[in-house]
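> got a sequence here, can you model it:
(2 chains)
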Amino acid sequence: MFLILKYVAKLLKALSSEASPNQLAGGFILGMIIGLTPVLSVHNLIILILIIILKVNIGMAILAFLIFSGIAYLADPLFHSFGIWILENDGLQDTWTSMYNNELWAITKFYNTVVIGSFISALVLCVPMFPLTKVGVVQYRKHIHEKVMKTKFAKALKGTKLYSVYQTVARVRG
Amino acid sequence: MRIKGLIFLAIITALGFLISWISIDPIVESEIEYQASIANGALVEIDGFDIDLIDLKIRWDRLQVANPENTMSNSFETGEMELDFLFWPTWWERVIVEDIIFKDFKMDTERETDGYFEIPEDEKNAEPSFVAQVIGDMTSEISRNANMEFTNIKTNINVDSLMSKLNLQAPDKIDSLRNGLSRNYQKWDSTFANTKINKEIADIEKTINAIDVKKIKDPKKAIEAIKNVQKLAKQVDSLKTRAQNLKNDFQEDFGDSKFSVGRIDNWIQADFQRAMNMAKLPTIDPGNIAQSLFGENLLADYSGYLEYVAIARKYGSRLVGEDKDKIERYEGKDYKFSDKYDWPKLWIQNIDLSGETKTAIQLAGQITNISSDQKKTKEPIRFDLGGKGDSNRSMTLTGEFNYLGDEPRETINFTYDGFGLKGTKISPSELLPYPLKTGTGEVSATVSIIDKRFDSEIGYKAKGIAFDFGQNPSKDRIQQLIRDAVSSTDQINVTALVDNLDGPLKVKVRSNVDDLFVNALKSTVSKEVDRARQKIESRVRSEIGNRKEQLLAFKNEKEAEIRKEYERLENRVNEEIKKVEEKKEELEKKKKELEDSLKNNIKDRIGIDW
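Below is the predicted model:
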């Protein structure tokens, strides 16, 4: 609970002015990839490591993961069909075969219709989502942030003991 | 770059390694022990189990496999073992082991604790396998002659007491058969009583009779009547088919395939045989003598070893086709671009085994390609073990468990040669109670099982033998004759054939001394045995009474009644067909007459000849 509140507070803070739009958009698209693709995949371990070691916003990554997990549940049959189309594409058969015969590629389970379908969809979505998120953050700061901070939820969040504990800890830790 | 993030990752990784380091050994060990114990039917224990995830090695200090028949001993145990498993297959949850070396392999060792294992309910209720059924049939066949008394025939058998203990089964079975037949006859009586065929015949007849040919004056009316009769003809044909179907069903219900007198004779014979067994009365023929002399010793161990074949087949068939393609939500479908990862769940490619048998033979050899799915390895399990002990004793065990085709196939060849017989008895039977002064033995067995066809031959040779009749041998007449017969024998050859190639399992045991024993017994106890047999047979027959004859008379009488009913029905249908045909001919004739008369009238009026 504390962790979730911590990241919600961090996200609100980051959205206001602290983090750069690039960091927020970076977190968003990495979270989106994890959300859209099967969670227990090798590529998601790499993305998780990237989220941890790169200076992207973790709160934004969690938010994107939650949103796109729900979308992925509905889009799963489409990913499956897209995966079939990619894996059965005649021009790619040699590539798939040589990748399949290489154990390092094979452990990514790229040969699974949902894994390849959702992963390529997620990569393609990254192209518009990164600039769109950046624009969204700027617009949010300009027009929406003030209103959000006045909402009952934001006020209630600020009023909780946990939040004040978090603020204190954050100040002490600098 | 987030430095804190890197530190966090390093800590998580270290913790992960630490946790797996501490917990993986007991988890894997208990899972292997549990699964192996279910397969074995008794406890399988591993001591000093260790998995090294860095070097990809598994090792243990000791493996004990308890004997399900005697849980205070081990079927076998091994000492130190070390194996390497391949890295990449573990990503696909597969265990591929290239080579295992088992040292200090020992059979039939004592246990310090009880090796009993409570098999889970779902495993217990599994249907007995085919091999298990063969073992059961063979065990009952062995025990049938095991307690026969050849030398102490009871001439004053108390038949009343014997019959009260025996509980004859044939009378109940015959009564039950009669009740079943009776119910069936009632069903057929009611079928004939309620059949609509009779009513339909009556309706057809009524319609036929209603057509008065003489009253038809118009060709059109005649054509209409013919059409009606044609419909009736079709109706009668259908009745005939229905009557024929009834006949076929009846013949199927009471044909020879469902009822045979032979079955009743078998029940009576089985009761008689049980009475003979209870009275311990032997049938004096070479087959029975050989089975009583050598069957128990020869076949008891053999059926014990067949248990291992049953286990191999059970797991061989259970794991075939282990990977089913499944398309579940969010799981997708895996494509295969080569057969590189088409591994079975478990594949032990080679086991080098060395150790010692209980009889101190230094055993060594190989077992290859133990796998959970032979269709993926494309290799059957093969084993080739052998060894020698002191004084020219030797043992070989070779074979193949092949589950590659549609039918499972197992072949096993075993020989054990050169073991000393001095001081041992070669038969547990009272007919041959004498130990041997000298001699060596040889046992060989070949087993071939293809699906449910079982064929095996077990041979036993006692060579260079001399019996020790003791200082004061028994003065009993039979024993004297047997001593005379076997004293000049220096070799005994026994062959047991166990197969089900022509139907139920047959166990035939023959030896080169059968005739010697038959002759000795025929000249002494044969008459007593015959008298006792007759006494029991006549009592069994009187208890069963004339049930068989009554049943056959009842069957014939009822079947004759039903056949008569059917014939009556068939005759009515045939008569009706005839009537319909006649009416049709009559109408055709009438039609022609009317047409001709019409033509003549026209000709007369317009002067044109049609």
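
> how near is the residue in the stretch 451-600 of chain B positioned nearest to chain A to residue B:121?
With C-beta to the nearest C-beta, the shortest gap between the stretch 451-600 of chain B and chain A falls at residue B:451, namely 36.9 Å. Every C-beta, even on glycine, is put in place using the N, C-alpha and C of the backbone. In this view, residue B:451 and residue B:121 are 29 Å apart by C-beta to C-beta, to the nearest Å.

> just the pLDDT at residue A:168, thanks.
Among the per-residue scores, residue A:168 shows a pLDDT of 60.

> surely the residue of the stretch 451-600 of chain B closest to chain A touches residue B:407?
Yes - with contact defined as C-beta atoms under 8 Å, residue B:451 reaches residue B:407; the gap is 4.0 Å.

> what residue is smack in the middle of chain A?
For chain A, residue A:31 is the residue whose C-alpha lies nearest the centre (C-alpha atoms, centre = their mean; 1.0 Å).

> residue B:451 and residue B:121: which has the busier surroundings?
More crowded of residue B:451 and residue B:121, by other C-beta atoms under 10 Å in any protein chain shown: residue B:451, with 12 against 7.

> if I read this right, the residue nearest to the centre of chain A contacts residue A:61, doesn't it?
Yes - look at residue A:31 against residue A:61 with C-beta under 8 Å: they come within range, at 3.4 Å.

> thinking again about what came up before, and the residue nearest to the centre of chain A, that's in a helix?
Yes - Residue A:31: assigned to a helix according to DSSP: H, G, I helix; E, B strand; the rest coil.

> residues contacting the residue nearest to residue B:177 when sequence neighbours are not counted?
Spatial nearest neighbour of residue B:177, chain neighbours left out: residue B:551 (6.7 Å); criterion: C-beta to C-beta, 6 or more residues apart in numbering or on different chains. Shown in contact with residue B:551 (C-beta atoms under 8 Å, 6 or more residues apart in numbering or on different chains): B:174, B:177-178, B:181, B:264.

> buried subset of these?
Buried by 16 or more other C-beta atoms under 10 Å in any protein chain shown: B:174, B:177, B:181, B:264, out of those.

> in which helix or strand would I find the second one?
Right, the one you point to is residue B:177. Using DSSP states H and E, residue B:177 sits within helix B:170-194.

> and the contacts of that helix?
Residues outside helix B:170-194 that contact it (C-beta under 8 Å, 6+ apart) are B:246, B:250, B:253-254, B:259, B:264, B:267-268, B:270-271, B:543-545, B:547-548, B:550-551, B:554-555, B:558, B:562, B:565-566, B:569.

> the residues you listed, buried ones only, as a ChimeraX selection?
Buried residues among the contacts of helix B:170-194 (16+ other C-beta under 10 Å), as a ChimeraX selection:
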select /B:246,250,254,259,264,267,268,271,543,544,547,548,551,555,558,562,565,566,569
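
> surely residue B:135 and residue B:305 touch.
No - in this structure residue B:135 lies outside contact range of residue B:305 using C-beta under 8 Å: 9.8 Å.

> ok, the two, which is more surrounded?
Neighbour count, other C-beta under 10 Å: between residue B:135 and residue B:305, residue B:135 has more, with 22 against 14.

> so which of the contacts of helix B:170-194 belong to helices?
Applying DSSP state H to the contacts of helix B:170-194, the entries found in helices are B:246, B:250, B:253-254, B:264, B:267-268, B:270-271, B:543-544, B:547-548, B:550-551, B:554-555, B:558, B:562, B:565-566, B:569.

> any idea how far residue B:467 lies from residue B:483?
Computed as C-beta to C-beta, the residue B:467 to residue B:483 distance reads 8 Å.

> oh, I was asking about residue B:385
Using C-beta to C-beta, residue B:385 is found at 41 Å from residue B:483.

> looking at these two, which is more packed in?
Between residue B:385 and residue B:483, counted using other C-beta under 10 Å, residue B:385 has the larger neighbour count: 20 against 17.

> in which helix or strand does residue B:201 reside?
Residue B:201 belongs to helix B:197-210 when assigned by DSSP H and E.

> and for residue B:524?
Here residue B:524, judged by DSSP H and E, is contained in no helix and no strand.

> same check on the one 4 residues further on?
Counting by DSSP H and E, the element that carries residue B:528 is helix B:526-544.

> name all residues that make contact with the residue nearest to the centre of chain A.
Per C-beta under 8 Å, 6+ apart, neighbours of residue A:31: A:51, A:60-65, A:68.

> if you set the cut-off to 7 Å instead, what comes out?
Applying C-beta atoms under 7 Å, 6 or more residues apart in numbering or on different chains to residue A:31 gives the contacts A:60-65.

> point out where chain A drops to low pLDDT.
In the predicted model, chain A carries pLDDT under 70 at residues A:1-9, A:12-14, A:16-18, A:154, A:157-174.

> kindly recompute the last result at 90.
A:1-24, A:39-42, A:52-60, A:62-63, A:66, A:69-70, A:72-77, A:103-104, A:107, A:136-174 (pLDDT under 90).

> so what's the residue of it found nearest chain B closest to, chain neighbours aside?
Minimum separation of chain A from chain B (C-beta to the nearest C-beta) falls at residue A:114, amounting to 3.1 Å. Once flanking residues are discounted, residue A:114 sits nearest to residue B:332: 3.1 Å by C-beta to C-beta, 6+ apart.

> quick check, that neighbour in a helix?
No - according to three-state DSSP, residue B:332 belongs to no helix; its state is coil.

> tell me the domain ranges of chain B?
B:127-143+B:285-320+B:403-512, B:171-259+B:561-606 (automatic domain parsing).

> count the residues that sit near residue B:422.
13.

> confirm that it sits in a strand.
No - according to three-state DSSP, residue B:422 belongs to no strand; its state is coil.

> how about the closest residue to it other than its chain neighbours, secondary structure?
Closest residue to residue B:422 apart from its sequence neighbours, by C-beta to C-beta, 6+ apart: residue B:438 at 5.7 Å. Recorded secondary structure, residue B:438: strand (three-state DSSP).

> any idea how far residue B:438 lies from residue B:467?
10 Å.

> and these two? which has more neighbours close in?
The neighbour comparison of residue B:438 against residue B:467 (other C-beta under 10 Å) goes to residue B:467, with 21 against 15.

> ok, the more buried one touching residue B:484?
No - at 11.3 Å, residue B:467 and residue B:484 do not qualify as touching, with contact defined as C-beta atoms under 7 Å.

> now do the helix holding residue B:528 and helix B:170-194, the angle between them.
Orientation check (axes from the mean of the first three to the mean of the last three C-alpha atoms, to 10 degrees): helix B:526-544 against helix B:170-194 gives 40 degrees.

> pLDDT on helix B:526-544, on average?
Here the average pLDDT along helix B:526-544 is 78.

> cool, and stretch B:170-184?
Mean pLDDT, stretch B:170-184: 84.

> same deal with stretch B:573-589?
pLDDT averaged over stretch B:573-589 gives 86.

> so what's the residue count around residue A:82?
18.

> got the contact list for it?
By C-beta under 7 Å, 6+ apart, the contact set of residue A:82 is A:117, A:121.

> now with 10 Å?
Residues in contact with residue A:82 (C-beta atoms under 10 Å, 6 or more residues apart in numbering or on different chains) are A:75, A:113-114, A:116-118, A:120-121.

> again, but for residue B:443
By C-beta under 10 Å, 6+ apart, residue B:443 lies in contact with B:297-298, B:301-302, B:395, B:414-417, B:419, B:458-461, B:494.

> the stretch 251-400 of chain B: helices as residue ranges?
With helices called from DSSP state H, counting those that start in this stretch, the stretch 251-400 of chain B shows them at B:261-278, B:286-290, B:296-318, B:374-377.

> TSV for these, including mean pLDDT and distance to residue B:161?
TSV is the format used below for the helices of the stretch 251-400 of chain B (pLDDT from 0 to 100; distance: least, C-beta to C-beta, whole Å):
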stretch	mean pLDDT	distance to residue B:161
helix B:261-278	79	10
helix B:286-290	75	25
helix B:296-318	68	27
helix B:374-377	87	57
